[in-house]
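Visitor: The sequence isn't on hand, but the structure is:
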């Protein structure tokens, strides 16, 4: 009896590649860059399961080409804006993701970015490496204090809450905005629910932790940036298109806001000639918020197990559309 066929669109931890290959006929895309669209469409033909990344567009066309035997889509990420969930649900295809395991790691990374840009760590390190450090000066590399500041969190989900928890140690005032007020979390932490405009006006630091959808596309644009303080910092570890990057460039260049730190960009990866890369007050890293050994290992494990469970019509460990979970 032949094994089910699966496509894995990127290397994951080798133990979990071995696990998949023992349980299925594996087609592994081994290049560092994602498979081009035409190759991806060719490779999905006849597969029973797909393990994919955010860079792979899983839409009705791909599902049609894959065929009616497709039983599961397993995403190695929490977010899933690259997958047409409604279409998968209509076809009774469960879609797995990897929530929870990266929550604390991403919150840590948020604070790493926040502190690095506030205290100009990356900029001053370049100063040293370029042999420009000649003496100590009382006016060199002045940054923004984090302690006793007002932190505004947009999106009070798992990650947003963990970011808020870490703010307590800095004696921050915590504001948050979400489509739903989280009274349950307000009982646990001293934080205040406010509307978006109030958060932008009053926060010294604005940290984005929202999903990407039609309502959050360019949630932070020219008008929103103008509401922020001119000494404020914007941090984005959600999705690149949540921020209008052209408006952000103008706001940073014209000192409408003080600085920004981005783990995600639009497009991603950022283009080499993007003007944001020329700004000292913009820190950009390559989508590494979940990049710890422990977290990425767990993401590999969950996505691999979701894949194998799905092709065998067993319950996925984590499922975005549980109404069609096996």
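Guide: Structure received. These figures come from a predicted structure and were not determined experimentally. Residues are numbered from 1 along each chain as shown.

Visitor: all strands for this structure, in order.
Guide: In the chain, the segments counted as strands under DSSP state E are 5-8, 25-28, 49-52, 72-75, 95-96, 150-154, 173-177, 191-193, 205-208, 233-236, 259-262, 282-284.

Visitor: Adding distance to residue 116 and mean neighbour count, write the ones you listed out as a markdown table.
Guide: For glycine as for every other residue, the C-beta is placed from the backbone atoms N, C-alpha and C. Formatted as a markdown table, the strands of the chain follow (distance: least, C-beta to C-beta, whole Å; neighbours: other C-beta atoms under 10 Å):
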| stretch | distance to residue 116 | mean neighbour count |
| --- | --- | --- |
| strand 5-8 | 34 | 24 |
| strand 25-28 | 35 | 15 |
| strand 49-52 | 31 | 29 |
| strand 72-75 | 29 | 29 |
| strand 95-96 | 33 | 28 |
| strand 150-154 | 16 | 25 |
| strand 173-177 | 21 | 22 |
| strand 191-193 | 24 | 18 |
| strand 205-208 | 13 | 27 |
| strand 233-236 | 10 | 28 |
| strand 259-262 | 7 | 26 |
| strand 282-284 | 6 | 22 |
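
Visitor: For residue 125, which of those is the nearest?
Guide: strand 282-284 (11.1 Å; C-beta to C-beta).

Visitor: coming back round to it: closest one to residue 321 among the strands of the chain?
Guide: Taking these one by one with C-beta to C-beta, strand 95-96 is closest: 5.6 Å.

Visitor: Now do that closest one: which elements does it pack against?
Guide: Contacts defined by 3 or more C-beta pairs under 8 Å, 6 or more residues apart in numbering; DSSP states H and E place strand 95-96 against strand 72-75, helix 293-311.

Visitor: tell me, how many neighbours does the closest residue in space to residue 265 that isn't next to it in sequence end up with?
Guide: Excluding its sequence neighbours, the residue lying closest to residue 265 (C-beta to C-beta, 6 or more residues apart in numbering) is residue 240, at 4.5 Å. Per other C-beta atoms under 10 Å, the neighbour tally for residue 240 reads 18.

Visitor: ditto for residue 264
Guide: For residue 264, the neighbour count with other C-beta under 10 Å is 23.

Visitor: ok, now the one 4 residues further on?
Guide: Applying other C-beta under 10 Å, we find 16 other residues in the vicinity of residue 268.

Visitor: Return the distance of it relative to residue 286.
Guide: 8 Å (C-beta to C-beta, to the nearest Å).

Visitor: Show me what stretch 99-118 is in contact with.
Guide: 78, 121-122, 143-146, 158-159, 162-163, 165-166, 205, 207, 209, 233, 235, 237, 259-263, 281, 283, 285, 288-292, 294-295, 298-299, 302, 318 (C-beta atoms under 8 Å, 6 or more residues apart in numbering).
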